[in-house]
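J.: the following comprises the amino acid sequence and a computationally predicted model.
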Amino acid sequence: MLIQFFAYLNSIMLLVDTDRKRIQTIVENFAAIDVTTDDDLQMTREVLATELGRVIETKIAVNEIKTRLENLQ
């Protein structure tokens, strides 16, 4: 069971690192645009909202694992 938790946490850490880089790239690309349209703003908001959803889901999953591990003591 612990091996599964650690494997899952390792996958989550990879996801976090990937998402962090993806968000940074989105922000850099948006900042590089000289003229932004409403469509550009809307697309950026949607992409960032999707990423926020993934971050929240990941945080919930990690908290559940933490709780389970604490209950094993």
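T.: Sure thing, it's come through.
J.: pull the number of nearby residues for residue 62.
T.: Neighbourhood size, residue 62 [other C-beta atoms under 10 Å]: 15. Where C-beta positions appear, they are placed from N, C-alpha and C, glycine not excepted.
J.: residue 37 now?
T.: So residue 37, with other C-beta under 10 Å, has 9 neighbours.
J.: element containing the residue nearest the centre of the chain?
T.: In the chain, the C-alpha nearest the mean C-alpha coordinate belongs to residue 55, at 3.4 Å (C-alpha atoms, centre = their mean). Here residue 55 sits within helix 38-71, counting by DSSP states H and E.
J.: which strands and helices lie in contact with that helix?
T.: helix 2-32 (3 or more C-beta pairs under 8 Å, 6 or more residues apart in numbering; DSSP states H and E).
J.: looking at the helix it packs on now, give me its mean pLDDT.
T.: Helix 2-32 carries an average pLDDT of 88.
J.: quick one, it and helix 38-71 angle?
T.: If you take axes from the mean of the first three to the mean of the last three C-alpha atoms, to 10 degrees, helix 2-32 sits at 160 degrees to helix 38-71.
J.: mind listing what's buried in helix 2-32?
T.: Residues of helix 2-32 classed as buried: none (neighbour count, 16 or more other C-beta atoms under 10 Å).
J.: ok, now stretch 42-58?
T.: 44, 58.
J.: chain center to it, what's the gap?
T.: 8 Å (C-alpha atoms, centre = their mean, to the nearest Å).
J.: might one say that residue 19 is in contact with residue 52?
T.: No - contact between residue 19 and residue 52 fails when scored by C-beta atoms under 8 Å: they sit 9.8 Å apart.
J.: show me the contacts for the residue nearest to the centre of the chain.
T.: Taking C-beta atoms under 8 Å, 6 or more residues apart in numbering, we find residue 55 in contact with residue 19.
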